[in-house]
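1. attaching a predicted model along with its sequence, questions to come.
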Amino acid sequence: MNNRCRVAVLISGRGSNLQALLQAHDDGKLQADIVGVISNKADAGGLNYAADANIETAIVNHLDFPTREQFDAQLLATLTRWQVDLVVLSGFMRILGDDLVNRFAGRMINQHPSLLPDYPGLNTHQRALDDGIKKHGASVHYVIPALDAGPVLMQAEVDVRSGDDADTLAARILPLEHKMIVAAVNLIGCGDVAMGTDGLIYHCGIVLEAPLKLSNLSPKTGQVETESNSD
Ligand code: GAR
């Protein structure tokens with residue numbers, strides 16, 4: 001029986017996280033299938049990764065739709081056609097309407113380049129540097145109607161170094177984002193993680209009290225190390 005999790009990835013640009021997911025799939029290390037990639041930009045570099053992997057793509061350009069509702073309706077039609085179980089917003093730089101988000105409650109995750117709840121929104125690295133903070137990073141969270149505010153599943157942390165600028169910080173965080181999105185999709189794909197109708201994240205049936213840390217993932221298995229399975 002094939003009941004693997006069917007994932008759609010939504011991008012707006014480079015698509016290096018999509019590439020990481022596709023590479024993990026190629027390597028037999030993704031517990032899900034990428035069934036389609038949607039971009040709101042026809043020239044998004046990430047579309048090439050989808051084409052190389054023979055993954056179906058759709059361009060849904062927000063500029064072609066007079067209202068957000070119509071844009072969202074086209075996204076929904078595409079996701080429905082692909083029978084998607086999980087939507088991954090991976091550098092997708094459009095805000096989705098509440099109806100679409102609610103339709104995918106518990107089935108839509110977003111990558112965000114900060115340690116949420118700090119620095120929702122844009123220019124996260126520069127804002128973090130301007131504040132002089134010592135730790136920065138990235139998050140994967142479930143999507144709810146409020147922007148960048150849904151429950152956080154996983155985080156990866158880096159030390160901010162003297163001399164860092166937004167580019168050096170982004171370059172240090174991005175490889176961690178690649179690992180984190182693969183791990184997050186795997187945890188959801190294999191059923192170990194789910195968001196309940198109460199809006200809480202459950203990990204192996206237990207409420208997740210704090211975001212999982214990428215640094216706690218086993219380098220051997222890619223699974224989360226707990227007291228019972230770490231040696
Ligand atoms: C990632 O850093 C992700 O956290 C960020 O866009 C980048 C996508 O990189 N997402 C956001 O800023 C969402 N607000 P990629 O296109 O190379 O995967």
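-> Looks like it arrived, so ask away.

2. from here on, contacts and neighbour counts on C-alpha atoms
-> Fine.

3. pull out the buried residues from stretch 102-110.
-> Neighbour-count burial for stretch 102-110, counted by 16 or more other CA atoms under 10 Å, picks out 104-110.

4. how far away is Ile133 from Val37?
-> Using CA to CA, to the nearest Å, Ile133 is found at 35 Å from Val37.

5. who has more neighbours, the two?
-> Counted by other CA atoms under 10 Å, Ile133 and Val37 do not tie: Val37 has more neighbours, with 25 against 12.

6. so how far is Val9 from that one?
-> For Val37, the distance to Val9 (CA to CA) stands at 5 Å.

7. same check, this time on Tyr49
-> Tyr49 is 12 Å from Val9, by CA to CA.

8. which neighbours do the two share?
-> Common neighbours of Tyr49 and Val9, counting by CA atoms under 8 Å, 6 or more residues apart in numbering, are Leu18.

9. dump the buried residues of stretch 102-110 to JSON lines, plus pLDDT.
-> Output for the buried residues of stretch 102-110, formatted as JSON lines (pLDDT from 0 to 100):
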{"residue": "Phe104", "pLDDT": "98"}
{"residue": "Ala105", "pLDDT": "98"}
{"residue": "Gly106", "pLDDT": "98"}
{"residue": "Arg107", "pLDDT": "98"}
{"residue": "Met108", "pLDDT": "98"}
{"residue": "Ile109", "pLDDT": "98"}
{"residue": "Asn110", "pLDDT": "98"}
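
10. for the residues you listed, which one is nearest the ligand?
-> Ranked by distance to the ligand (CA to the nearest ligand atom), the buried residues of stretch 102-110 are led by Asn110 at 7.1 Å.

11. which strand or helix spans that closest one?
-> strand 108-112 (DSSP states H and E).

12. and for that strand, what's in contact with it?
-> Under the criterion CA under 8 Å, 6+ apart, residues 86-91, 101, 120, 138-143, 148, 177, 181 lie in contact with strand 108-112.

13. what mean pLDDT does stretch 136-155 have?
-> Stretch 136-155 shows a mean pLDDT of 98.

14. ends of that stretch, how far apart?
-> Chord length of stretch 136-155, first to last residue, is 10 Å (CA to CA).

15. then stretch 25-44?
-> 21 Å.

16. buried set for it?
-> Across stretch 25-44, burial judged by 16+ other CA under 10 Å covers 25, 29-41, 44.

17. what do you get for stretch 113-133?
-> 113-116, 119, 124-126, 128-129.

18. let me know the closest of the residues you listed to Leu75.
-> Pro113 (23.8 Å; CA to CA).

19. pretty sure the closest one contacts Ser139?
-> Yes. Between Pro113 and Ser139 there is a contact under CA atoms under 8 Å: 6.4 Å.
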